[in-house]
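**Q** Just a sequence and a predicted model for now, questions to come.
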Amino acid sequence: MFLGAVADDLTGATDLALTLSREGMRTVQVVGVPPADFDLGDAEAVVVALKSRTIPAVEAINLSLDAARALLNAGAEQIIFKYCSTFDSTPQGNIGPVAEALADLLDAPLALACPAFPANGRTVYQGHLFVGPMLLSDSPMKDHPLTPMTDANLVRVLQRQTTSQVGLVPFTAVDEGSDAIAGAFDEARAKGDRFVIVDAITDAHLRAIGRAARDMKLITGGSGIAIGLPENFRRAGKLAAKSADAAFDAPVGRAAILAGSCSAATRRQIGVAIAAGIPALKIDPIAIAEGRTTAAGVADWLASVNHPTPLAYSSAEPDEVRAAQEKLGRDRAGELVEHLLAETAMALHRNGFSRLVVAGGETSGAVVNGLGIAALRIGPEIDPGVPWTRSLNAHPAIALALKSGNFGTDDFFLKAWDLLR
Ligand SMILES: Nc1ncnc2c1ncn2[C@@H]1O[C@H](COP(=O)(O)OP(=O)(O)O)[C@@H](O)[C@H]1O
Ligand SMILES: O=C(O)[C@@H](O)C(=O)COP(=O)(O)O
């Protein structure tokens, strides 16, 4: 095992594990901090999926340090801290506090921060994050239920979350290639930066950054930042030759879609699914709080409708989300929905459902924890950043597509199943 990663949510971990697998590293994704005797098999990279994006910073730090220590004990030479390609965080964190604690643990004088993921339209220019053609702060991320992002200047955003100095490696250096980027890292260290936001617009930039960062102990960013890292281990003669991917044997059983993401992409995907005739049950957090909607009721409904892939969703427009939050509180509204969808997934699993598409990072974390899944195998890619996965320990086995709220084409809920046939 050479490369270890700590991811702050489930979909983010899956996204990263997919990237590392595609770049030729044998990768295992574990859910939560693995115990010391956890069998990692012949993994060359291990991604630990936490649910630490929106918990109090001190808890996120402790969990992330435990995960990093477990990875170092298993042999990791370099650690990636994976967060969202839209830099999802609050002014308190958790990106800054966790990055700082990991840098201290690893004794890393400088760590890079780059959420760019060009295949999904996330690019960084002059330290500003763009989502497609829009600045982050103009994108639908400004209305996220838990981490509304209202500032696109990542140097400023990260600086608010840490007492360490944050600098920038600008496009001009990145575009020149890995030697210029390594030179910019040296300059940043010399002027006292602890973190540098690194511009990147294309995968070629990310590969050059990866090469320049071969000796950096801590790398932070979206899954894109991992594109160039396996090559460093390959050049050093450490990676096994890539073996042919084993066939993905999806368990046979009933299927359903659970969506707890309110992101714009998920809302469009729900619209397309309903227009295509998928039966859909909308869940209202206030009805959960008042006991009018229960997990058993939702699971019964999903089991009773005559369709191969029915949908239950709490996804709502920003004004509906605000209304629920005003009544219940932001965190309670989120927890009620997450808990209900996790319990629904557990009831479905008990009743023969073995294929689930789950939309939303926090939602996926709740569902996977509810199902008691300890590790996942990565399967075929449905869309950039979203593979099918298969539980390694649940009985009976279950196939899960854990979709980041913002990822996937509009027909995602229709087409995802084609890869399981
Ligand atoms: N109708 C709703 N009102 C308020 N909060 C909601 C609603 N539906 C879902 N949520 C909460 O919003 C959060 C969405 O986060 P997440 O699942 O990570 O989605 P995404 O991947 O789009 O960020 C979850 O905590 C979820 O429980
Ligand atoms: O980097 C990304 O955008 C994703 O991998 C990710 O972290 C998604 O989080 P959610 O949008 O909360 O699913």
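**A** Thanks, I have it. Numbers count the residues shown, from 1 in each chain. Ligands and ions are numbered 1, 2, ... in the order given.
**Q** Skipping adjacent residues, who's closest to E59 in space?
**A** Counting by C-beta to C-beta, 6 or more residues apart in numbering, E59 lies nearest to S52, which is 7.2 Å off, once chain neighbours are set aside. (Each C-beta comes from the backbone N, C-alpha and C, glycine too.)
**Q** Give me the below-cutoff pLDDT ranges for the protein.
**A** Within the chain, the ranges that satisfy pLDDT under 70 run 242-246.
**Q** re the thing from before, so the residue nearest to E59: helix, strand or coil?
**A** What DSSP: H, G, I helix; E, B strand; the rest coil gives for S52 is coil.
**Q** so what's it up against?
**A** Shown in contact with S52 (C-beta atoms under 8 Å, 6 or more residues apart in numbering): D8, D9, E59, A60, L63, S64, N94, V98.
**Q** Would you format these as a markdown table with distance to R156, neighbour count and secondary structure included?
**A** As requested, these are exported to a markdown table (distance: C-beta to C-beta, whole Å; neighbours: other C-beta atoms under 10 Å; DSSP: H, G, I helix; E, B strand; the rest coil):
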| residue | distance to R156 | neighbour count | secondary structure |
| --- | --- | --- | --- |
| D8 | 20 | 27 | coil |
| D9 | 23 | 26 | coil |
| E59 | 25 | 12 | helix |
| A60 | 21 | 23 | helix |
| L63 | 27 | 21 | helix |
| S64 | 23 | 26 | helix |
| N94 | 17 | 28 | coil |
| V98 | 18 | 29 | helix |
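**Q** Of the residues you listed, which ones also sit close to ligand 2?
**A** Among the contacts of S52, the residues within reach of ligand 2 (C-beta under 6 Å from any ligand atom) are D9.
**Q** quick one: the biggest helix by length in the chain near ligand 1?
**A** Secondary structure of the chain per DSSP state H: the longest helix is helix 330-350. Yes. Residues of helix 330-350 contacting ligand 1 under C-beta under 6 Å from any ligand atom: A333, G334, V337, E338.
**Q** Quick one: list the elements packing against that helix.
**A** Helix 330-350 is packed against strand 254-259, helix 285-289, helix 295-304, helix 318-328, strand 353-359, helix 361-371, with contacts defined by 3 or more C-beta pairs under 8 Å, 6 or more residues apart in numbering; DSSP states H and E.
**Q** Now do the same contact list for whatever residue of the stretch 1-150 of the chain ends up closest to ligand 1.
**A** Distances between the stretch 1-150 of the chain and ligand 1 by C-beta to the nearest ligand atom are smallest at P145, namely 3.7 Å. P145 is in contact with C262, V321, Q325, R330, A333, G334, counting by C-beta under 8 Å, 6+ apart.
**Q** May I see the buried residues of stretch 302-316?
**A** L302, V305, T309, P310, L311, A312, Y313, S314, S315, A316 (16 or more other C-beta atoms under 10 Å).
**Q** Ramachandran coordinates for K191?
**A** phi -90, psi 10 (degrees, to the nearest 10).
**Q** Looks like it contacts V166 (just checking).
**A** No. Between K191 and V166 there is no contact under C-beta atoms under 8 Å: 11.6 Å.
**Q** who's more crowded, those two?
**A** The neighbour comparison of K191 against V166 (other C-beta atoms under 10 Å) goes to V166, with 23 against 8.
**Q** Count the neighbours of the residue of the chain found nearest ligand 1 for me.
**A** Closest approach between the chain and ligand 1, counting by C-beta to the nearest ligand atom: G405, at 1.9 Å. Other residues lying near G405 total 30 when counted by other C-beta under 10 Å.
**Q** Just to be sure, it is in a strand?
**A** No. Looking at G405 with three-state DSSP, it is coil, so not inside a strand.
**Q** got a list of what it touches?
**A** By C-beta under 8 Å, 6+ apart, the residues touching G405 are T11, S261, C262, S263, A265, T266, A359, G360, G361.
**Q** Quick check: the two most widely separated of those residues?
**A** Of all pairs drawn from the contacts of G405, the greatest distance, 14.3 Å, lies between T11 and C262 (C-beta to C-beta).
**Q** who has more neighbours, the two?
**A** Shown here are T11 and C262; by other C-beta under 10 Å, T11 has more neighbours (29 against 26).
**Q** Tell me which helix or strand the more buried one sits in.
**A** helix 10-22 (DSSP states H and E).
**Q** roughly how far apart are the residue lying closest to A76 once chain neighbours are set aside and G329?
**A** Spatial nearest neighbour of A76, excluding adjacent residues (C-beta to C-beta, 6+ apart): G4 at 3.1 Å. Counting by C-beta to C-beta, to the nearest Å, the gap from G4 to G329 is 36 Å.
**Q** what does whichever strand or helix holds R268 contact?
**A** Per DSSP H and E, R268 falls inside helix 264-275. By C-beta under 8 Å, 6+ apart, the surrounding residues in contact with helix 264-275 are 140, 257, 259, 280, 311, 313, 315, 317, 359-360, 403, 405-408, 410-414.
**Q** Now do it against helix 318-328, angle only.
**A** Put simply, helix 264-275 runs at 110 degrees to helix 318-328, going by axes from the mean of the first three to the mean of the last three C-alpha atoms, to 10 degrees.
**Q** which parts of helix 264-275 are buried?
**A** A264, A265, T266, R267, Q269, I270, A273.
**Q** That one close to ligand 2?
**A** No. For helix 264-275, no contact with ligand 2 is found by C-beta under 6 Å from any ligand atom; the gap never falls below 9.0 Å.
**Q** Determine the angle, from 0 to 180 degrees, between that helix and strand 353-359.
**A** 130 degrees.
**Q** How far off centre is helix 264-275?
**A** With C-alpha atoms, centre = their mean, to the nearest Å as the basis, helix 264-275 stands 20 Å off its chain's centre.
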